[in-house]
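In: following is a predicted model, sequence given first.
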Amino acid sequence: MKSFYQRQFMLMAGMVLLSFALLGSAFITLSYQYTIQDKRDSMERNAKFISEFTSAVQSSGLSLMDSSYQAYVSSISRISDAYVIICRPGGRVLLASEGTFQEGVAAPTIPQSICTELEEEGDYSGMTTLGGLFPEQRYVAGRTVTLSDFSGQTHETNLVFVAADTSSITELWRAVATIYFTTAVVVLLIAFISSSLTSMHQTKPLKQIADVARKFGHGELDARVTGCENRMDEVGELAEAFNAMADSLAKAEAKRSEFIANVSHELKTPMTTIAGFADGILDGTIPPEREREYLKTISTETRRLSRLVRQMLDLSRMQSSEQVTAQEPFDAVEVMLRVLVSLEPKINARHLDVNTQLPDGSVMVWGDPDAITQVCYNLLDNAIKFSTEGSTIGITVVTKAGKARISVRNTGETIPPEELPLLFDRFHKTDRSRSEDRDGVGLGLYIVKSILGSHKENITVTSEDGVTEFTFTLTLA
């Protein structure tokens, strides 16, 4: 498996090499074409000048062996860094920039094919050795020398060839190639160093995140990514997100452990009571006249255990993917009154009054009627249990901004402000409730919060001067 550094370096090196290849190819092609074209134009221009001058010399009756003519040819040769050849139409060389060829001395001959082409076309250009006259390929430009007679007709007298050495072009290409490859090596070296530093800067926190993730997976829930607090890039965001996730998972794990501990405690207490009293009855420790009293306690604890199991099953259903909230319109006032009637025995047992502030007509809302019934039941049951005996319970239903706001309040002890955010946690009980409410298991308000959360609704609680009020919302139909 390739590392992040290897992939980044290969990508950068590939891009650099591709860029240099394209730029080098374009530069070499353009420089080659420019150099060749410049050399071609120069040779053709020199061949034309020599041809015209030769024609003028012959027209004036001077000999090509004249020193002034030879000096002109030699000057052109030196200025253009080329080799000048004057030959007969048949190809026999008469004069070269190095000097003349005397009669009786074997002179070199230009290939007949080249001479024929020059005579037919009037000019010639190409890479050739001129039939072995030069040891290497040279660029050769040729022109015919024409003379006009008295009748105005022209005829060819001699041929002019100008041959340029291509070694300068070769040296130019070598220099270009040297510069190109040297620059490419330097740029690749810089790319390697910068890529290494950049990759180390990027991969170090990634490796740290991986190490912390492994530790976290092995149970070290306090492991966190450090050293990335000042990074303002994506890696810093990743580290921050990972730490946030780790905090969330740690809190979830703490809540899970607390949930298991609370469940164990809530199950252990009634089971211990039931087992102790049952054993006392069976082994005769409890006298027969008191067996009925303890059997009532066993029955009470059994029902309490049953309620705990039922509430835990309801909670599990609400948290599972199978729980789907059915949305249908129903009358919120009717639901609240029906729950109030069902709790009438408990209200009378504590000698409570009920103050209702309800609209004259119905208040139609969207939601699951059964689930909202449970919300109302849990809130009213809580209000009854924790109300001062002989006090008043208040129920209010108002509509505002497309919402129905349902409030349940009771008069009792004031809940401390630091306790208010904890009321909706699983198995949360204040010390007061543990002593006074043995029937409660601390899941009622958590179930209320879960049901309203599935309806995308809110619930709030306030407690001041002994008056505690729960208010939740429902969307109007």
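Out: Thanks, I have it.
In: so, low pLDDT: which residues of the stretch 301-450 of the chain?
Out: Across the stretch 301-450 of the chain, residues meeting the criterion (pLDDT under 70) sit at 311, 314-326, 426-442.
In: just the strands in it please.
Out: 328-331, 353-357, 364-367, 392-400, 403-411 (DSSP state E, counting those that start in this stretch).
In: counting contacts, what elements does the first one pack onto?
Out: Packed against strand 328-331 by the contact rule (3 or more CB pairs under 8 Å, 6 or more residues apart in numbering; DSSP states H and E) you find strand 364-367, helix 369-385. For every residue, glycine as well, the C-beta is placed using N, CA and C.
In: relative to Ile281, which of these is closest?
Out: Closest to Ile281 of these, according to CB to CB: helix 369-385, at 30.3 Å.
In: about what we covered before: export the strands of the stretch 301-450 of the chain to a markdown table and tack on mean neighbour count?
Out: Below are those laid out as a markdown table (neighbours: other CB atoms under 10 Å):
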| stretch | mean neighbour count |
| --- | --- |
| strand 328-331 | 14 |
| strand 353-357 | 12 |
| strand 364-367 | 21 |
| strand 392-400 | 16 |
| strand 403-411 | 21 |
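In: with respect to Arg143, which of those lies nearest?
Out: Checking the strands of the stretch 301-450 of the chain against Arg143 by CB to CB gives strand 364-367 as the closest, at 100.9 Å.
In: quick one: distance of that closest one to the chain centre.
Out: Centroid displacement of strand 364-367 relative to its chain, using CA atoms, centre = their mean, to the nearest Å, is 43 Å.
In: that one packs against which elements?
Out: Partner elements for strand 364-367 (3+ CB pairs under 8 Å, 6+ apart): strand 328-331, strand 467-475.
In: touching it from outside, list them.
Out: Here strand 364-367 makes contact (CB atoms under 8 Å, 6 or more residues apart in numbering) with 325, 327-332, 372, 404, 455, 457, 474-477.
In: for Thr462, find the nearest of the helices and strands packed on strand 328-331.
Out: Closest among those, using CB to CB: helix 369-385, at 13.4 Å.
In: name the helices or strands packed onto that closest one?
Out: Contacts defined by 3+ CB pairs under 8 Å, 6+ apart place helix 369-385 against strand 328-331, helix 332-342, helix 344-349, strand 392-400, strand 403-411, helix 444-454, strand 467-475.
In: residues of it that come out buried?
Out: Within helix 369-385, the residues scored as buried using 16 or more other CB atoms under 10 Å are 369, 371-385.
In: torsion angles phi and psi at Thr182?
Out: Backbone torsions of Thr182, given as degrees, to the nearest 10, read phi -60, psi -50.
In: just put the helices and strands packed on strand 328-331 in a markdown table and tack on distance to Arg40.
Out: Formatted as a markdown table, these follow (distance: least, CB to CB, whole Å):
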| stretch | distance to Arg40 |
| --- | --- |
| strand 364-367 | 89 |
| helix 369-385 | 94 |
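In: figure out which of those is closest to Asp123.
Out: Nearest of the helices and strands packed on strand 328-331 (CB to CB): strand 364-367, 96.8 Å.
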